[in-house]
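Novice: how does the following fold in three dimensions:
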Amino acid sequence: MTALRRPLALVLAIAVTAAGAGACGAGRNILGTSTSPCFYALPVAKQAVEGRGSLDGVRLVDVARLTGRGGRALRQLLDQLPIPPSHEVCLVAYSGSYILDQVELPFGPVPSTLPARYAIAVVTIPESALLGTFLTQREPLSFKHEHLGL
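Specialist: This is a model prediction of the structure:
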């Protein structure tokens with residue numbers, strides 16, 4: 001009997017490990033971890049807004065693929081920056097109350113009413129260098145994960 005229990009215990013341990021690893025992978029897919037390279041950009045972005053406000057979200061954006069009405073406007077804004085050849089940058093949004101003097105490397109049009117509600121830092125990957133920070137009254141794209149699958 002003891003000889004049978006050892007292989008059974010090993011099979012059970014492997015099955016539990018595989019099930020747990022599968023569940024972790026499913027959660028990452030639902031959360032959209034294509035933004036995971038941007039988590040290295042968080043300290044740079046926080047410094048760009050001088051620690052003000054609260055983190056609203058992070059997006060990895062391929063500038064060349066920005067389309068649609070909102071995407072084209074964002075692309076025109078980002079075209080003002082020296083985007084690296086990869087064309088992927090991290091956008092890190094902070095919500096709060098911002099004026100131009102409170103962010104590093106401000107660029108783009110100044111919102112008609114200040115203070116602005118959002119400051120969005122544009123950071124390169126993988127080296128996490130700040131390209132610029134723009135202010136806006138509304139987010140140019142969604143930074144929220146609407147569907148968590150819970």
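Novice: what about this structure, any weak spots by pLDDT?
Specialist: The chain contains residues with pLDDT under 70 at 1-33, 86, 145-150.
Novice: if we use 90, what do you get?
Specialist: 1-37, 39, 62-76, 79, 82-87, 110-113, 125-127, 139-150 (pLDDT under 90).
Novice: nearest spatial neighbour of the residue most central in space within it, chain-adjacent residues omitted?
Specialist: Nearest residue to the geometric centre of the chain (CA atoms, centre = their mean): residue 58, 2.1 Å. In space, and not counting its chain neighbours, residue 58 is closest to residue 38: 4.6 Å by CB to CB, 6 or more residues apart in numbering. Just so you know, the C-beta spots here come from the backbone N, C-alpha and C atoms, and that holds for glycine as well.
Novice: what do you get for residue 80?
Specialist: That would be residue 107: by CB to CB, 6+ apart, it lies 5.8 Å from residue 80.
Novice: any idea how far the one you found is from residue 125?
Specialist: Here residue 107 is placed at a distance of 19 Å from residue 125 (CB to CB, to the nearest Å).
Novice: what lines up beside the longest strand seen in the chain in the sheet?
Specialist: Identified as the longest strand of the chain according to DSSP state E is strand 88-98. Partners of strand 88-98 in the sheet, by DSSP bridges, are strand 54-62 (antiparallel), strand 116-124 (antiparallel).
Novice: for that strand, the distance to its chain's centre please.
Specialist: Distance of strand 88-98 from its chain centroid, counting by CA atoms, centre = their mean, to the nearest Å, is 9 Å.
Novice: which of the residues in that strand are buried?
Specialist: 88-95, 98 (16 or more other CB atoms under 10 Å).
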